[in-house]
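>>> prediction below, plus the sequence it came from.
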Amino acid sequence: MKKILIAFLFAPIVAFASGSVHLDKWPGTVADKPALQNGAKLFVNYCLNCHGASYMRYNRLTELGLTEQQIKDNLMFTADKIGEPMRVAARAGEQRAWFGATPPDLTVIARARASADGSGADWLYTYLRQFYRDDKRPTGWNNLAFENVGMPHILWELQGEQVLNKDHKLELAVPGKLSPKEYDQAVSDLVGFLVWMAEPMQEQRKQLGIFVILFLCVLFGFAYALKKEYWKDIK
């Protein structure tokens with residue numbers, strides 16, 4: 001029984017209950033490079049302790065406007081070479097022995113969480129702001145976006161401790177290091193990094209798509225003019 005409870009602690013996020021939870025709109029954008037840099041810092045300091053991003057290499061963070069030296073000095077704690085993946089320091093076998101399950105990889109979690117209720121970014125932004133104290137849970141935490149969640153609130157020092165009031169609404173009982181507005185911004189930055197990491201080329205893809213549509217519009221104009229010229233003498 002104990003092993004089952006520990007396994008729930010690191011159950012894959014993709015298995016989180018979807019249901020009818022209202023999702024708050026993620027206010028960020030992957031075009032905001034400073035926000036993505038802050039999100040990368042939060043990911044490395046809080047998430048990478050247990051969750052890897054093994055499909056993302058450290059040197060790709062240069063696309064966020066960071067130099068390789070900045071990455072080595074401030075973000076690269078689990079690798080020796082800049083071209084290595086963002087893996088956790090612990091081995092998978094060790095994690096299974098300690099926790100009963102291997103924590104899921106988060107490289108594409110923002111895409112995996114997309115659903116009919118909203119985007120993966122909206123879900124993650126909502127989820128990371130809905131933790132509250134619950135002494136009945138093994139970790140001491142619960143979440144309105146995912147009832148009886150097994151994952152602990154890794155950002156509680158930043159947010160503080162929320163509790164449920166008699167109206168089943170969240171209240172901040174113990175303030176954290178950040179104000180509620182600052183915490184929401186920090187979560188937005190972290191979600192932005194997860195969204196970018198799931199598809200680093202998405203901005204270029206969108207720009208290319210606009211260029212292709214414009215090109216097709218111009219091509220249509222030429223094709224239509226050619227058609228009129230070709231058929232003008234045919235009654």
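Cool, got the structure. Numbering: from 1, shown residues only.
>>> SS state for the nearest residue to L164 once chain neighbours are set aside?
In this structure, L164 finds its nearest non-sequential neighbour in Y132, 5.6 Å apart by Cβ to Cβ, 6 or more residues apart in numbering. C-betas here are computed from N, CA, C, even on glycine. Three-state call for Y132 (DSSP: H, G, I helix; E, B strand; the rest coil): strand.
>>> OK, contacts around Y132?
With contacts defined as Cβ atoms under 8 Å, 6 or more residues apart in numbering, Y132 is in contact with W141, N142, N143, L144, E161, Q162, V163, L164, L170.
>>> just list whatever residues bridge to the fifth one.
In this entry, E161 is beta-bridged to V174, by DSSP bridges.
>>> residue ranges in this protein under the pLDDT threshold?
For the chain, applying pLDDT under 70 flags the ranges 1-20, 95, 98-101, 115-118, 235.
>>> how does it look with 80?
Applying pLDDT under 80 to the chain flags residues 1-21, 89-103, 114-118, 150, 202-208, 229, 232-235.
>>> and the longest helix for it?
helix 202-231 (DSSP state H).
>>> could you find the closest non-adjacent residue to W123?
Once chain neighbours are set aside, the closest to W123 by Cβ to Cβ, 6+ apart is R113, at 4.6 Å.
>>> list the residues that contact the spatially most central residue of the chain.
Among the residues of the chain, L194 comes closest to the average C-alpha position under Cα atoms, centre = their mean, at 3.0 Å. Applying Cβ under 8 Å, 6+ apart to L194 gives the contacts G39, F43, L106, I109, A110, A121, L124.
>>> ok, the third one touching M56?
Think L106. No: between L106 and M56 there is no contact under Cβ atoms under 8 Å: 9.2 Å.
>>> can you pick out the residue with more neighbours from these two?
Regarding L106 and M56, a neighbour count based on other Cβ atoms under 10 Å identifies L106 as having more, with 26 against 23.
>>> out of everything not next to it in sequence, what's closest to R96?
Using Cβ to Cβ, 6+ apart, the nearest residue to R96 is T102, at 5.5 Å.
>>> name the SS class of V88, please.
If you use three-state DSSP, then V88 falls in the coil class.
>>> ok, it - how many residues close by?
Here the number of neighbours of V88 (other Cβ under 10 Å) works out to 20.
>>> equivalent analysis for M201, please.
The burial metric for M201, expressed as a neighbour count using other Cβ under 10 Å, is 10.
>>> show me where this structure has strands.
Secondary structure of the chain (DSSP state E): strands located at 53-57, 85-86, 131-133, 141-143, 160-164, 170-175.
>>> list the buried residues for the fifth one?
It stands for strand 160-164. Burial within strand 160-164, assessed by neighbour count using 16 or more other Cβ atoms under 10 Å, is assigned to G160, E161, Q162.
>>> CSV for the residues you listed, including distance to F220?
Converted to CSV, those look like this (distance: Cβ to Cβ, whole Å):
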residue, distance to F220
G160, 57
E161, 60
Q162, 55
